[in-house]
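Peer 1: 3D model of this:
(one chain, ligands or ions: 1)
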Amino acid sequence: MSATPIAIVDLGRCETSQSALEESADSLVESIRNSGVAFIRNTGIQESQVKHAESVANDFLALPQDVKNRFVDRSSAQTDGLGSVVHSYVNMDAARIGTEYWKTRESLIFNPDIKMGFPDDVVPGFSDSWKAFSISCDDVIRRVLKLLDASLNTRLCQVFNSEEERSKSVKFNHYPAIQTNEDVCGKIRVRAHSDPGILSLLFQDNIGGLQVENNGEFVDVAPEEGAILVQANQLLAQHTGDRLKEVHHRVIVPTDPKIACLQRQTLSYFLL
Ligand SMILES: [Fe+2]
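Peer 2: Have a look, this model is predicted:
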């Protein structure tokens, strides 16, 4: 499957001149219109902050299963945890999925605005790390909304980032290494779906596997070094009268046999 051309917008350049801002804004909108996604770089988010948020998540996942299970939120099982206002740990383990082990995944979903329920007792500093990451993402989302407003002549930033206190989620996905001799290349890891809410930011490793629907076919979103993927979600599409497209996406096991069996990790921020 070939990769689709997805815009790479330099947020730093947007601040250099009005023409640079308008050009970047139009490029962002066109990319989201086509595929529901765009890359952004030069966002001001420190790589060390992202690495730390990922590091405490991995500390959590390394805990004994019975400790992790204390954080399972059974009420959010239907929504994969995302729509939940409480924190949750989701374990799509082999016992649940049977032999389709390429679908196995552990997820951590926390709302940074809820003070209680973080696993700070078992991973000291977890909530501080994820809250700091969330504050940085908030700032990036605000700048992305302003760019969309500049191109579409809308008031998205005011509506979504000022007037209402919206729910937020930080989500860490861990897809474990696949241990098998069977050919799993290209198998579906997460079935096609769109996400609730307004926008999300995806920080992914270099394994790949994300595909977005573009003109009726799923195309690879190859990881872009140093860039974050902006995803448009259901509420944004609704609010703009579908002038912006929500991203319809899925995750597959990479088609390259050399990396297919390697673990994959992603960190995402959602403005819901
Ligand atoms: Fe998704």
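Peer 1: okay, CA-based contacts and neighbour counts for the rest of this
Peer 2: Noted.
Peer 1: How much space separates residue 184 from residue 254?
Peer 2: Distance from residue 184 to residue 254, counting by CA to CA, to the nearest Å: 9 Å.
Peer 1: what do these two both touch?
Peer 2: Residues touching both residue 184 and residue 254 by CA atoms under 8 Å, 6 or more residues apart in numbering: residue 260.
Peer 1: next structured bit after the helix or strand encompassing residue 60?
Peer 2: Following DSSP states H and E, one finds residue 60 within helix 47-61. Downstream of helix 47-61, the next assigned helix or strand under DSSP H and E is helix 65-69.
Peer 1: Within the sheet, what are the partner strands of the helix or strand just after that following helix, with directions?
Peer 2: With elements assigned by DSSP H and E, the helix or strand that comes after helix 65-69 is strand 88-92. Strand pairing for strand 88-92, using DSSP bridges, gives strand 105-110 (antiparallel).
Peer 1: elements contacting the helix or strand just after the partner strand?
Peer 2: Next helix or strand after strand 105-110 toward the C-terminus (DSSP H and E): helix 126-152. For helix 126-152, the packing partners by 3 or more CA pairs under 8 Å, 6 or more residues apart in numbering; DSSP states H and E come out as helix 18-35, helix 47-61, helix 156-158.
Peer 1: By mean pLDDT, show me the worst of these.
Peer 2: Lowest mean pLDDT within the helices and strands packed on helix 126-152: helix 156-158, at a mean of 89.
Peer 1: and that one, how far out from the chain's middle?
Peer 2: In terms of CA atoms, centre = their mean, to the nearest Å, the centre of helix 156-158 is set 21 Å apart from its chain centre.
Peer 1: Over to stretch 246-260?
Peer 2: How far stretch 246-260 lies from its chain's middle: 14 Å, per CA atoms, centre = their mean.
Peer 1: Quick one: end-to-end distance for it.
Peer 2: Its start and end residues considered, stretch 246-260 measures 28 Å (CA to CA).
Peer 1: So what touches that stretch?
Peer 2: In contact with stretch 246-260 (CA under 8 Å, 6+ apart) are residues 32, 35-37, 102, 178, 184-195, 207-213, 218, 231-234, 236-237, 261.
Peer 1: Buried residues in it, which are they?
Peer 2: 246, 247, 248, 249, 250, 251, 252, 253, 254, 255, 259, 260 (16 or more other CA atoms under 10 Å).
Peer 1: Then stretch 233-244?
Peer 2: By neighbour count with 16+ other CA under 10 Å, stretch 233-244 contains the buried residues 233, 234, 235, 236, 237, 244.
Peer 1: got the angle between the helix holding residue 60 and strand 88-92?
Peer 2: Angle of helix 47-61 versus strand 88-92, following axes from the mean of the first three to the mean of the last three CA atoms, to 10 degrees, is 70 degrees.
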